[in-house]
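1. Just to be clear, the model below is a prediction. Sequence and coordinates:
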Amino acid sequence: MSLARLSLIPKPRTIACIGRNYADHIKELGNERPKEPFFFLKPATSILHPERGPILSPRGADLHYEVELAVIMGRTADEIQPSEALDAVKGYCVGIDMTARNWQQATREKGLPWSLVKGFKTFLPVSHFIPKNKIPDPHNVRLHLEVNGKVRQDDSTGLMLFNIPRILQHVSGVFALEEGDLVLTGTPKGVGNVVPGDVITAGVSVDGVELEEGRIEVKVEERAGGYSKL
């Protein structure tokens, strides 16, 4: 399948990101295991579509990657029940939630929101759209991420603490999700930093077969201008 025949994901109005949804990732960052799904928001302008340029690393940021399976909503979900949740899903994509980890630590200590550390432009590289029928069971696929060809993350979505129906029930119990909205479902262990010049690749496989639609390859470059904290 050529890149020209692959579809971009629809533009979301809301991007909800589930944090702390894999036990080993919680452990590696020294966080507390949540009793219910924990989520934050990223702006739609943080999305970086395939072949649309590099990830821009702000000056002074300790930039970390987090590969995730993202759910794309096919219709409005307002207080949806788990038994109906997957019926409201249109498809999927792979996303990389980029984080300014040093600034995140500082905001956590002060009890401040995470918008600054998660919301920079290009801080959400995404794959092409993955049709729903390509992932018949979203809790049985394998996510992977490499930096300069070296594997950093490689785990099954079966390790999620909260499955997708529970996630969608929780988020839509707070606010309605609309068609095209994006819900990132958490990252497995192996997160770490990247620097300008690094190349990140990532993707998803089903029954050992890589999905071309889910492939990401993106370079990291230093951002010129904008916010910095040296």
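-> Cool, got the structure. Residues are numbered from 1 along each chain as shown.
2. Skipping adjacent residues, who's closest to E36 in space?
-> If the residues on either side of it in the chain are set aside, E36 comes closest to H170, at 6.3 Å by CB to CB, 6 or more residues apart in numbering. C-beta: built from backbone N, CA, C; applies to glycine.
3. neighbours around that neighbour, how many?
-> The local packing of H170 (other CB atoms under 10 Å) involves 18 other residues.
4. is it true that it touches F38?
-> No: applying CB atoms under 8 Å as the test, H170 and F38 come out as separate, 9.1 Å apart.
5. By mean pLDDT, which helix or strand of the protein comes out lowest?
-> helix 23-29 (a mean of 89; mean pLDDT, DSSP states H and E).
6. List the buried residues in that one.
-> In terms of neighbour count (16 or more other CB atoms under 10 Å), helix 23-29 has its buried residues at 25-26.
7. could you dump that helix to CSV, C-alpha only?
-> What follows is helix 23-29, C-alpha atoms only, in CSV (Å, rounded to 0.1, in the frame of the first residue of the first chain):
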residue,chain,number,x,y,z
ALA,A,23,1.8,-1.0,35.7
ASP,A,24,5.5,-1.2,34.7
HIS,A,25,5.3,2.4,33.3
ILE,A,26,3.9,3.6,36.6
LYS,A,27,6.8,1.9,38.4
GLU,A,28,9.5,3.3,36.1
LEU,A,29,8.3,6.9,36.8
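8. chain center to the helix or strand where the residue nearest to E36 lies, what's the gap?
-> Element membership of H170 [criterion: DSSP states H and E] is helix 164-172. Distance of helix 164-172 from the chain centroid (CA atoms, centre = their mean, to the nearest Å) equals 16 Å.
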